[in-house]
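A.B. asks: no sequence on this one, just coordinates:
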Ligand code: MF3
Ligand code: CO
């Protein structure tokens, strides 16, 4: 069963998502050479708590931090630690906040200082693939119409989409139905209805799509060691244009 949120629930959800988006922005502003991923995680944690919210990821399935910070070949679920960011790194920051009964979830990849044109293109294509998927996120379409649009755009730019991890419904739980893949044929999966809230989150590899989860059970890296980028927003399906909920305006 895919949850349909009513107006009251959506109001809480909008607030949770604004806090989440502001935490992402604050983390992105901290990305520069010399900063550790743990320093960014602490700032994210303290900001979310100061807003009266809870970091959604902290202790989720045993996850030990508030943000996932995934550098270069790390695809997702990088655990913040003493790693010092270097000029030229690309840094994916994924955050979630729980407020008044609802979660927001969003991510983006940021350049650390001056990065190569190739790395910047990967970031740009990943972000744009989200917006290509978003165009299909409307009432009456099926979930895999989003998936197909993302895959088509990514592959036409010479990159690959990760298969082993997917987007998802988000709301009272961080992960709800439906699964939102970033690949596949159009016209499959549940029909989209107004009031559904989805985390659409393409994970895009510079090389091939296989990934490996390290011994810590979280850190997920590209199998070929090449770069990976991530972009995610929490989105509301309406009877018109979709609404991106993870925006900072109005916090
Ligand atoms: N935002 C990610 C997701 O959508 C990461 C959550 S995993 C966690 O699944 F364990 F860190 F919470
Ligand atoms: Co997510």
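C.D. replies: Looks like it came in fine. No experiment lies behind these values; they were computed from the predicted model shown. Ligands and ions are numbered 1, 2, ... in the order given.
A.B. asks: For the nearest residue to residue 207 once chain neighbours are set aside, list the residues it contacts.
C.D. replies: With sequence-adjacent residues excluded and distances taken as Cβ to Cβ, 6 or more residues apart in numbering, residue 207 is closest to residue 226, at 3.6 Å. C-beta coordinates here come from the backbone N, C-alpha and C atoms, glycine included. Going by Cβ atoms under 8 Å, 6 or more residues apart in numbering, residue 226 touches 73, 205, 206, 207.
A.B. asks: try residue 123
C.D. replies: Under the criterion of Cβ under 8 Å, 6+ apart, the contact list for residue 123 reads 90, 109, 110, 111, 229.
A.B. asks: so the first one sits right up against residue 126, yeah?
C.D. replies: No: between residue 90 and residue 126 there is no contact, the gap being 9.8 Å when judged by Cβ atoms under 8 Å.
A.B. asks: More neighbours: which of these two?
C.D. replies: Ranked by neighbour count (other Cβ atoms under 10 Å), residue 90 and residue 126 place residue 126 first, with 31 against 26.
A.B. asks: tell me the pLDDT at that one?
C.D. replies: Looking at residue 126, its pLDDT stands at 99.
A.B. asks: and residue 119, that's in a strand?
C.D. replies: No: read with DSSP: H, G, I helix; E, B strand; the rest coil, residue 119 is helix and lies in no strand.
A.B. asks: can you narrow the contacts of residue 123 to ones near ligand 2?
C.D. replies: By Cβ under 5 Å from the ion, no member of these lies near ligand 2.
A.B. asks: wait, what's in contact with residue 208?
C.D. replies: Applying Cβ under 8 Å, 6+ apart to residue 208 gives the contacts 160, 222, 223, 224.
A.B. asks: What ranges does the protein have for its helices?
C.D. replies: 7-30, 37-50, 117-134, 143-156 (DSSP state H).
A.B. asks: Which one, of the ones you listed, ends up nearest to ligand 2?
C.D. replies: Relative to ligand 2, the nearest member of the helices of the chain by Cβ to the ion is helix 7-30, separated by 10.4 Å.
A.B. asks: Quick one: mean pLDDT for stretch 182-200?
C.D. replies: Here the average pLDDT along stretch 182-200 is 98.
A.B. asks: which of the contacts of residue 123 lies closest to ligand 1?
C.D. replies: Checking those against ligand 1 with Cβ to the nearest ligand atom, the nearest one is residue 109 at 13.3 Å.
A.B. asks: In this structure the closest one contacts residue 124, no?
C.D. replies: No: if you go by Cβ under 8 Å, residue 109 and residue 124 don't touch, sitting 9.8 Å apart.
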